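Asker: turn this into a structure:
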Amino acid sequence: MTERGAQGHLDTEEHDVEEALAVANDSGGRSRPQPARPTGSPTERHDLDLEEALALVRDPNAHPPGPTSPSPEHGAHTPGHPPGTAGDADSEGSGPDRADGAGSRATSKHPDRHHATPWPEARAVAARAARSVPRREPVHVSLDAALGLVLAEPLTALTDLPSFDTSAMDGWAVAGPGPWAVREGNGVLAGHAEPAPLGDGEAVRIATGARVPPDTTAVLRSEHGRMDGNGRLHAALPQGFGSARAGGTPTVAHGQDIRPRGQECHSGDQLLPRGTQVTPAVLGLAAGAGYDALSALPRPRAEVLILGDELLTAGLPKGGLIRDALGPMLPPWLRALGAEVPAVRRLGDSAEALQQAITSSTADLIVTTGGTAAGPVDHVHPTLRRLGAELLVDGVKVRPGHPMLLARLREDQHLVGLPGNPLAAVSGLLTLAEPLLRGLGGRLAPELYTLPLKDSVHGHPYDTRLVPVSVRADHAVPLHYNGPAMLRGIAAADALAVVPPGGARPGEELELLDLPWALTG
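Answerer: This is a model prediction of the structure:
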């Protein structure tokens, strides 16, 4: 899906980069040092040149002060369009309201004072928004439904683990020094009642996990025992096991290969703290400790509203229509971020349908796609104004994804407006939706980590840039096809690299944002 409006088409239609540069050069003759850029295909170089050229048009120093010149927060704007609208020379459009992280009503009367929020601050605002939501009541869920949730209470041992002395190996339970007379029968098996005690010099076959008989000295592994012709068991330990007696017979250490009761924990011990995310291993530990259900924080509910009349849900693009990429992508991505997605609704370009969908939603988070700029069918901002929503973030200094937004609809409900271009929407997900959902779900923030770049990365002159990378050993390898409307790069990526303004050179350490399903990094 592509962002609509006059400005949104700059990312997808062919435009003459020389014309954009001429506009910049005609605005005062000032020049700006250009960051080194990597080589690439002609299409990639054109995309990078276009983005930089358009950014130069927004250079506040390129215009003399005057009634038509914007404030430094804006950059230049096209005559006939108010600052911050789709007419701005911005590769992804922008919104009309103030977004300094402190929040403002969508009914602001001073759209000319708008400026985008720095990328790190935008993420922090989203995290704070989650903390402002009243704590939700824990739910008790069965173990098979708890994966991915967060413990609402500490996981406390309900019993000793193990709850009785057990054999750690297949072999013989033995009493006293050898050789031993072996008790007849099938031996001691796991899951059976407590066996009869052993007498001194006696042994019995035993299986792994079985309860050891009372008075057992040790367990002799199957591979460490041998039977003589009279049916007596002897220890045949490898060198280094036990000790040599005067007669040369190796001995078995007391307690060898026995797991004593309470070795892992005792009843009442805290196994895991509150706030631990439930992984498969946590489920196994809980089951072993005797739990059938867990007390956990419920998953936040996220509803997706797909906007746009130009979208097809099947078949090849035709007649000016394009395939919807976000409808199939967003729900599983949101689930990977810990959300439950009860509904995906396709609304077209209807302001009435959008307002009705927002006001009727009971989800914790509403995610919209497209319509966040100021084109003739971009209804998100006007709808939020009518609803009296509080804009927490309205535009972010990041590429792609600049026209994303975060609004508080109610104390316990938020809306994240994603740009329509696919990679720009991914940027919005990781910038605003991920911190918000993480906080609502009670999950801890991941540890920040960095890796050096394998190759140089072109940067935006003023804004942070998020670039798909693959992680190879101890380096991050930038991937091509990383334009706002492209998914080819992110589909092969392990993470997004956070590129500072001006770009980064080979070997420079950059922060990485892991994709939720990535196994590397």
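Asker: just give the nearest non-adjacent residue to residue 490, would you?
Answerer: residue 468 (4.6 Å; Cβ to Cβ, 6 or more residues apart in numbering). Glycine gets a C-beta too; all of them are placed from N, C-alpha and C.
Asker: now do the contacts for that neighbour.
Answerer: 423, 478-479, 482, 489-490, 492-493, 495-497 (Cβ atoms under 8 Å, 6 or more residues apart in numbering).
Asker: ok, now residue 211?
Answerer: For residue 211, the contact set (Cβ under 8 Å, 6+ apart) comprises 164-166, 188, 192-195.
Asker: adding distance to residue 445, secondary structure and neighbour count, write the residues you listed out as a markdown table.
Answerer: Shown next, in a markdown table, are those (distance: Cβ to Cβ, whole Å; DSSP: H, G, I helix; E, B strand; the rest coil; neighbours: other Cβ atoms under 10 Å):
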| residue | distance to residue 445 | secondary structure | neighbour count |
| --- | --- | --- | --- |
| 164 | 41 | coil | 13 |
| 165 | 43 | coil | 20 |
| 166 | 40 | strand | 20 |
| 188 | 50 | strand | 23 |
| 192 | 48 | coil | 12 |
| 193 | 50 | coil | 6 |
| 194 | 49 | coil | 12 |
| 195 | 52 | coil | 20 |
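Asker: surely residue 330 forms part of a strand?
Answerer: No. Using DSSP: H, G, I helix; E, B strand; the rest coil, the assignment for residue 330 is helix, not a strand.
Asker: so how far is residue 344 from it?
Answerer: 8 Å (Cβ to Cβ, to the nearest Å).
Asker: before we move on, what about residue 451?
Answerer: Residue 451 is 35 Å from residue 344, by Cβ to Cβ.
Asker: who has more neighbours out of those two?
Answerer: residue 451 (20 against 17; other Cβ atoms under 10 Å).
Asker: state the helix or strand in which the more buried one lies.
Answerer: If you go by DSSP states H and E, residue 451 is part of strand 450-452.
Asker: do the same with residue 358
Answerer: helix 351-360.
Asker: rewinding a little: residue 185 versus the residue nearest to residue 490, what's the distance?
Answerer: 65 Å.
Asker: buried set for the longest strand belonging to the chain?
Answerer: Scanning the chain for the longest strand, with DSSP state E as the assignment, gives strand 464-472. By 16 or more other Cβ atoms under 10 Å, the buried positions in strand 464-472 come out as 464-471.
Asker: partner strands of it, with direction?
Answerer: strand 396-399 (parallel), strand 475-478 (antiparallel), strand 495-499 (antiparallel) (DSSP bridges).
Asker: what mean pLDDT does the last one have?
Answerer: This points to strand 495-499. Across strand 495-499, the average pLDDT comes to 97.
Asker: so which of the strands paired with strand 464-472 comes closest to residue 134?
Answerer: Set against residue 134 and scored by Cβ to Cβ, the strands paired with strand 464-472 come closest in strand 396-399, at 26.7 Å.
Asker: how about residues contacting the closest one?
Answerer: 51, 91-92, 99, 116-119, 122, 402, 404, 427, 431-432, 460, 462-466, 484.
Asker: all helices of the stretch 51-200 of the chain, in order?
Answerer: Per DSSP state H, counting those that start in this stretch, the stretch 51-200 of the chain carries helices over the ranges 119-131.
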